[in-house]
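In: build me a structure from this.
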Amino acid sequence: MTTPEPRHGYLDEWDGRLICHECGRGYLHLATHARAAHDLTAAEYRERHGLGMSTSLVASSVAADMRERASRPEVLARLATVRDPDALAAHRGRQSWRPEVVRKAVDRGASTRVPVPDALVRGMPPWEDLLAWTSSAHGIIAQGYAVRALADACGRSQATVAQRLRRHPRT
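Out: Residues are numbered from 1 along each chain as shown. Below is the predicted model:
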């Protein structure tokens with residue numbers, strides 16, 4: 001019996017496995033398969049196939065097993081010993097609510113809404129030239145444009161562009 005054809009916008013499970021939209025085979029951990037076999041991050045896979053960003057890319061049997069293991073009493077007891085609500089409250093403090101701190105955060109958010117000019121994007125090397133593209137992208141980011149704005153201008157996902165910039169820092 002062959003696996004059914006995957007539907008765009010849906011994540012179908014067959015015989016306890018998720019069906020890959022790229023190759024049509026079934027996998028327990030679809031994100032791992034997509035990265036290894038199709039060179040797609042989980043975010044890119046979801047975007048390409050119309051899945052929601054919160055859609056789990058693990059089979060329901062694996063998810064249930066992970067939930068069961070995470071709720072074991074010994075795991076919860078270990079979590080309780082390392083969780084320190086007082087330390088968290090002290091770390092937060094009043095610092096994060098000062099008006100100037102909030103203003104800076106709002107200003108940073110506003111910068112993501114400024115689109116990167118087409119002239120800058122056209123002047124970038126091709127995406128396939130990893131080091132040259134990354135160097136050019138770092139230059140655009142240094143001019144005050146946000147990673148999100150650059151990703152939108154290049155037609156890539158924000159996660160992919162951010163990952164590329166992290167892996168190849170400006171030298």
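In: make it CA atoms for all contacts and neighbour counts henceforth
Out: OK.
In: measure residue 151 to residue 113 for me?
Out: Applying C-alpha to C-alpha, to the nearest Å, the value for residue 151 to residue 113 is 12 Å.
In: residue 128 now?
Out: Counting by C-alpha to C-alpha - residue 128 and residue 113 are separated by 27 Å.
In: got any ranges where this structure has weak pLDDT?
Out: Across the chain, the ranges flagged by pLDDT under 70 are 1, 88-99, 101-102, 108-112, 171.
In: so where do the helices sit in it?
Out: For the chain, the helices defined by DSSP state H occupy 30-38, 42-48, 60-70, 73-82, 85-92, 99-111, 118-122, 130-142, 147-154, 158-167.
In: still on that earlier bit, compare neighbour counts for residue 151 and residue 113 and give me the winner.
Out: residue 151 (19 against 12; other C-alpha atoms under 10 Å).
In: list the residues that contact the nearest residue to the more buried one once chain neighbours are set aside.
Out: Using C-alpha to C-alpha, 6 or more residues apart in numbering and skipping the chain neighbours, the partner closest in space to residue 151 is residue 158 (5.2 Å). When contacts are counted by C-alpha atoms under 8 Å, 6 or more residues apart in numbering, residue 158 touches 147-148, 151-152.
In: could you chop the chain up by domain?
Out: Here the domain parsing of the chain from automatic domain parsing is 1-78, 111-167.
In: quick one: which of these is nearest residue 84?
Out: If you check each of the domains of the chain against residue 84 by C-alpha to C-alpha, domain 1-78 wins as the nearest, at 12.0 Å.
In: next one: the closest one to chain centre, how far?
Out: 15 Å (C-alpha atoms, centre = their mean, to the nearest Å).
In: one step back: need the domains of the chain in a markdown table with distance to residue 103, can you?
Out: Below are the domains of the chain laid out as a markdown table (distance: least, C-alpha to C-alpha, whole Å):
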| stretch | distance to residue 103 |
| --- | --- |
| domain 1-78 | 29 |
| domain 111-167 | 13 |
